[in-house]
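Colleague: Provided below are the primary sequence and the corresponding predicted coordinates.
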Amino acid sequence: MGIRFENVKMLRKLGIVALGMFAFGYGLVPLYKAICEATGINILALGEQQITGKSASVPANSQVDTSRTITVVFDANARGPWEFKPATRTMQVHPGELATVMYEFQNVQNRRMAAQAIPSYAPRQAMAHFNKLECFCFNQYTLEPGEKKQWPVAFVIDPKLSKDVSTITLSYTFFEVGGKTPPAPTAAALVAGPAT
C-alpha cells in the first residue's frame, strides 16, 4: 500500500505542475501584449491599435528612394517548343519599392514536361542589388500538354545600387529539365570544339 500511495501522490504533484505550466503558457500572451504596449517596444502590438482621427497618419516607407527611377526591362528566352514571355516588357520602379511582374508560360507540346528558369541580369553589378522575394525560378514545374500558367516575380531593388545604373534587364531562360532539348553549350565546350 505504501508504494501505491506514493505513486498516487507523485501523480497528483505532476498533474498540478502540468496544469500550472499550461496556465502559465496561456497567460503569457496577454501578459506579453500588456508589457509591449506599455513600453512601446513591439511594432506588432502598436500596429494592432486602432488609429482614429485625421491627425493620425501611417508613416511612409522611408527605405524607398523616390529621388531615383530605374527602368526594369523584362526578357524571356525559351530553350524548347513552348511559349514563355513577361506580361509587361518594362516597368519604372524606385529603389526600395516592392514591385511585381507576371510571366506567362504555355506548354504547346502534346506531352507533359518539367521545366525550370534561370535568371540573368544586365548590368552584372545589378545582380547583387536585385532582391527577389518571390520567383518561379526558385522551383521546377511540371506542365501538362497545352497547360497555361502565370507566375509572379516580386522584387525590390536595393537603394545601395550605384547611382549610374538607370536600367536593369532581368532575363530568364526557361529550359526543360531531363527533356529532349539539349542544354546550352558551355564556354569550355565552345573552346574545345566538337567531339570527334
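Modeller: Okay, I see it. Residues are numbered from 1 along each chain as shown.
Colleague: contacts, neighbours, all on C-alpha from now
Modeller: Noted.
Colleague: Break the protein into its domains for me.
Modeller: 2-47, 70-177 (automatic domain parsing).
Colleague: Against which helices or strands is the longest helix along the chain packed?
Modeller: If you go by DSSP state H, the chain has its longest helix at helix 2-39. Secondary structure elements in contact with helix 2-39, counted by 3 or more Cα pairs under 8 Å, 6 or more residues apart in numbering; DSSP states H and E, are helix 43-48.
Colleague: where does the chain dip in pLDDT?
Modeller: Residues of the chain that meet the criterion pLDDT under 70 lie in 1, 40-62, 179-196.
Colleague: Please enumerate the strands of it.
Modeller: 70-79, 83-86, 90-93, 98-106, 113-122, 130-134, 141-143, 148-157, 167-176 (DSSP state E).
Colleague: just checking, residue 133 touches residue 152?
Modeller: No: look at residue 133 against residue 152 with Cα atoms under 8 Å: they stay out of range, at 10.0 Å.
Colleague: Quick check on the two: which one has the bigger neighbour count.
Modeller: residue 152 (16 against 12; other Cα atoms under 10 Å).
Colleague: Residue 39: neighbour count?
Modeller: Residues lying near residue 39 (other Cα under 10 Å) number 9.
Colleague: I should have written residue 98 there, sorry.
Modeller: For residue 98, the count of nearby residues is 15 (other Cα under 10 Å).
Colleague: ok, now how distant is the nearest residue to it once chain neighbours are set aside from residue 80?
Modeller: Nearest residue to residue 98, sequence neighbours excluded (Cα to Cα, 6 or more residues apart in numbering): residue 156, at 4.9 Å. As for residue 156, its distance to residue 80 is 30 Å (criterion: Cα to Cα, to the nearest Å).
Colleague: The two: which is more packed in?
Modeller: Between residue 156 and residue 80, residue 156 has the larger neighbour count (other Cα under 10 Å), namely 19 against 16.
Colleague: okay but the more buried one is in contact with residue 92, surely?
Modeller: No: using Cα under 8 Å, residue 156 is not in contact with residue 92; the gap is 12.0 Å.
Colleague: got the phi/psi numbers for the nearest residue to residue 96 once chain neighbours are set aside?
Modeller: Distances taken as Cα to Cα, 6+ apart put residue 64 closest to residue 96, at 4.2 Å, once the chain neighbours are dropped. Dihedral pair for residue 64: phi -90, psi 120, per degrees, to the nearest 10.
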